[in-house]
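Visitor: Need the 3D shape of this:
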Amino acid sequence: NRTRQFKLFGSAYVEADLFKNVTARSTFGATYVRLQQEIFNRGNTYLAQLLGSPASKTDDSRDNLNYNWRNEISYVNSWDKHNLRATVASEFQKYNNYRMVIAGRGFPNNDLVTQNLAQEILGGGSSFTNRSQIVRYGYIGALSYDYDRKYMLDAYIRRDGTSLAGWNSMYGTFWGFSVGWDIAREEFLKGNNIVNSLVIKGSYGEVGDDSALTTYSNLNLISLGFYNGQFSGTPSRNIANADVSWETNKKLNLGLEFALFKNKLTGSAAYFQDKRNNFIFPNQFSYTNGGYRSFMNAGQLTTDGLELDLNYEVVRTKNFDLSLYGNITNVNYKVNQLNGTSQLFVSGSAENLVHIEGQTPYQFYLVRWAGVNSQTGEAQYYDIDGNITTTYDGGDAVATGKTPLPKVFGGFGLNTKVYGFDLNADFTYSAGGYSYNNVYQWLTDPNGITNKDVSANNYWRNPGDNARFARPDASGHQYSTQFLEKSDYILFRSLS
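Guide: Numbering: from 1, shown residues only. Here you go, the predicted model:
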């Protein structure tokens, strides 16, 4: 197998002074990436000969050309202790993607493997080309002001369009602002030996996000191909929604940054709130209704919490420095609103996850495990009404209230310098989240033929046994909360 990649990127700008304090600037940047892969399956291996499979090869080539063009006019001025910058701009982004795949089989040997030597070029979706484009365009206005670097104000407003959104809702308007106050620059704090810097900040900003939308999901398309030797067309699995719009992330942040005791202790503390308004959701219809999918603006999710970041300089000498640092974030999650429904099942996930209005998002949706019957050795579960049963039924699955999202996470470590040599140790941690342990389920399932975990031997044998696993039977382990586990950890991430 061979992989080749070529990447070329660059940017250029032109700038001109139009009037006093007024500047125009045009910036163009582009990135080109070509990725080529050759995957060859030999025809002279023992398995290939046993199966009668000839040598085959797939050539996969991808070309991506992305560019950004920004034009802006800025006004910059300072007078007395005032500093002002105002900007208006337009921005154009385009992403061009082209892919070509050729699959062939029946090559003369393992060295002559160009596709013109293949006895057969494979069709039926094995060989194809496709092309796609994504375009975004927007107008921006921004203002930045400060007085004596003590009082700061920034604001922006922008209107953006995307080719990914529905035809009725391609444009969205987003705005935001931030204010700051450097208290340490006030006269009543100057010259003190405790507070070296103290900045109080607050901000609110809206950001448009279309990343959850797939290319051409706003179109009803026909998939073309061949069936039984005849050219045919079938509807794609996607149903276009002309009204699906930008997801708006509304971010509120209130906090302070400080430096104390001759800058030995530095840090920040903040309250944050992120609201995903009109969050984009791929709504998967049941297979009895065709199994189609349609993107929708499903409602509002909120994440809020507190974060603290500290760094303390323990020692600083000519040949030895030592500092300790740590940060912690406490987070709450909530589904504020689901448009027109009380719950939504998350599609495209390896596990069964559900959003329920008024509760935590991404909850595991599972049948509840009730342990092993010590007298019979049968696996026990809770039914939908909370009664213990030995019959497993996927219809008894419920929202567990447990989610992969952690409640607390952060990191800590140290930085030291000894005679010019640096040593850094970094740890991370997370707590409050859950994960489904598929690996452990496979390694203890009595019906599997792979190697087993030693704990698989802890299964029921005789009446009265207090075993971890039920007596082996043909059904094996079932998908339940039996294998839902806390995902708390402390990780020694790096030492450098």
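
Visitor: the helices in the stretch 351-496 of the chain, which residues?
Guide: In order along the chain, the stretch 351-496 of the chain carries the following helices (DSSP state H, counting those that start in this stretch): 438-444.

Visitor: Now do the strands in the stretch 151-300 of the chain.
Guide: In chain order, the stretch 151-300 of the chain shows strands spanning 151-162, 171-182, 195-209, 222-227, 230-235, 247-260, 265-277, 280-284, 293-297, 299-316, with DSSP state E, counting those that start in this stretch as the criterion.

Visitor: How about residues contacting the fourth one?
Guide: So that's strand 222-227. Under the contact criterion Cβ atoms under 8 Å, 6 or more residues apart in numbering, strand 222-227 has outside partners G123, G124, G125, F231, S232, G233, T234, P235, S236. C-beta: built from backbone N, CA, C; applies to glycine.

Visitor: What is the nearest of the residues you listed to L338?
Guide: Closest to L338 out of the contacts of strand 222-227 is S236 (26.2 Å), distances taken as Cβ to Cβ.

Visitor: Please name the residues that touch that closest one.
Guide: If you count contacts by Cβ under 8 Å, 6+ apart, then S236 has N220, L221, I222, S223 around it.

Visitor: still on that earlier bit, and the least confident of the contacts of strand 222-227?
Guide: Looking at pLDDT alone, the contacts of strand 222-227 dip lowest at G124, where the score is 70.

Visitor: What's opposite F427 in the beta bridge?
Guide: When bridges are assigned using DSSP bridges, the partners listed for F427 are F412, F492.

Visitor: Give me the pLDDT for it.
Guide: At F427 the predicted local distance difference test score is 94.

Visitor: I'd like to know how many residues surround it.
Guide: For F427, the neighbour count with other Cβ atoms under 10 Å is 15.

Visitor: buried sites along stretch 453-460?
Guide: Going by neighbour count (16 or more other Cβ atoms under 10 Å), the buried part of stretch 453-460 is A456, Y459, W460.

Visitor: Compute the first-to-last residue distance for that stretch.
Guide: Using Cα to Cα, to the nearest Å, the end-to-end distance of stretch 453-460 comes to 16 Å.

Visitor: Quick one: mean pLDDT for it?
Guide: Across stretch 453-460, the per-residue pLDDT values average to 90.

Visitor: End to end on stretch 180-190, go ahead and measure it.
Guide: 18 Å.

Visitor: Neighbours of A270, how many?
Guide: The local packing of A270 (other Cβ under 10 Å) involves 18 other residues.

Visitor: how close does the residue nearest to I194 when sequence neighbours are not counted sit to M152?
Guide: Distances taken as Cβ to Cβ, 6 or more residues apart in numbering place L260 nearest to I194, at 5.9 Å, with adjacent residues excluded. Distance, L260 to M152, using Cβ to Cβ, to the nearest Å: 21 Å.

Visitor: And R159, by the same measure?
Guide: Between R159 and M152 the distance, using Cβ to Cβ, works out to 25 Å.

Visitor: Helix or strand with the lowest mean pLDDT in this protein?
Guide: helix 46-51 (a mean of 62; mean pLDDT, DSSP states H and E).

Visitor: right, and the helix or strand after that helix?
Guide: If you walk from helix 46-51 toward the C-terminus, the next helix or strand you reach (DSSP states H and E) is strand 56-79.

Visitor: most surrounded residue in the contacts of strand 222-227?
Guide: Taking other Cβ under 10 Å to define a neighbour, the member of the contacts of strand 222-227 with the most is S236, carrying 16 neighbours.

Visitor: where's it relative to I222, distance?
Guide: 7 Å.

Visitor: now swap in R293 and tell me
Guide: Distance, R293 to I222, by Cβ to Cβ: 16 Å.

Visitor: ok, those two, which is more surrounded?
Guide: A side-by-side neighbour count of R293 and I222, using other Cβ under 10 Å, places R293 first with 17 against 9.

Visitor: For the contacts of strand 222-227, which two are the farthest from each other?
Guide: Using Cβ to Cβ, the two most remote members of those are G123 and P235, lying 21.0 Å apart.

Visitor: correct me, but R471 touches P463?
Guide: No. R471 sits out of contact with P463 when judged by Cβ atoms under 8 Å, with a separation of 10.8 Å.

Visitor: Please enumerate the shared neighbours of the two.
Guide: Both R471 and P463 are contacted by T376, under the criterion Cβ under 8 Å, 6+ apart.

Visitor: Would you mind telling me which of the two has the busier surroundings?
Guide: When neighbours are counted by other Cβ under 10 Å, R471 comes out ahead of the other of R471 and P463, with 17 against 10.

Visitor: And the closest residue to M170 other than its chain neighbours, how close does it get to Y137?
Guide: Once its chain neighbours are removed from consideration, M170 has its nearest residue in G161; the separation is 5.0 Å (Cβ to Cβ, 6+ apart). Note on G161: its distance to Y137, by Cβ to Cβ, is 5 Å.

Visitor: can you check D59 too?
Guide: Counting by Cβ to Cβ, the gap from D59 to Y137 is 35 Å.

Visitor: Contacts only, for the residue nearest to M170.
Guide: Residues touching G161, when contacts are defined by Cβ under 8 Å, 6+ apart, comprise R136, Y137, G138, M170, Y171, G172.

Visitor: about what we covered before: how about CSV for the contacts of strand 222-227, with distance to T114 added?
Guide: Listed next are the contacts of strand 222-227 as CSV, based on distance: Cβ to Cβ, whole Å:
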residue, distance to T114
G123, 19
G124, 22
G125, 22
F231, 29
S232, 31
G233, 33
T234, 33
P235, 37
S236, 34
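
Visitor: nearest to N71, of the residues you listed?
Guide: Within those, proximity to N71 (Cβ to Cβ) peaks at S236, which comes in at 37.3 Å.

Visitor: what's in contact with stretch 382-397?
Guide: The set of residues external to stretch 382-397 that reach it, using Cβ under 8 Å, 6+ apart, is 352, 365-370, 373, 376, 378-381, 398, 475, 478-480.

Visitor: Give the buried residues for it.
Guide: Y382, D383, T389, D396, A397.

Visitor: Dig out what the third one forms beta bridges with.
Guide: So that's T389. Using DSSP bridges, the beta-bridge partners of T389 come out as Y381.

Visitor: separation between it and P446?
Guide: When distance is defined by Cβ to Cβ, T389 is 21 Å away from P446.

Visitor: In contact with W442: list those residues for me.
Guide: Shown in contact with W442 (Cβ under 8 Å, 6+ apart): G448, T450.

Visitor: where does the stretch 51-200 of the chain dip in pLDDT?
Guide: 51-52 (pLDDT under 70).

Visitor: give me that answer again for 80
Guide: Applying pLDDT under 80 to the stretch 51-200 of the chain flags residues 51-53, 123-125, 188-193.

Visitor: and if you look at the stretch 351-496 of the chain?
Guide: Screening the stretch 351-496 of the chain residue by residue with the criterion pLDDT under 80, one finds the ranges 420, 448-450.

Visitor: I figured D321 hits V315, correct?
Guide: Yes. With contact defined as Cβ under 8 Å, D321 and V315 form a contacting pair (6.5 Å).

Visitor: Between those two, tell me which one has more neighbours.
Guide: Between D321 and V315, counting by other Cβ under 10 Å, D321 is the more crowded of the two (15 against 10).

Visitor: nearest residue to the more buried one other than its sequence neighbours?
Guide: Spatial nearest neighbour of D321, chain neighbours left out: K417 (4.3 Å); criterion: Cβ to Cβ, 6+ apart.

Visitor: Could you give the number of residues near the one you found?
Guide: K417 sits with 16 neighbouring residues when counted by other Cβ under 10 Å.

Visitor: And for E120?
Guide: Residues within reach of E120, counting by other Cβ under 10 Å, total 11.

Visitor: switch to numbering from 39
Guide: Taking 39 as the first residue, the last one we looked at is E158.
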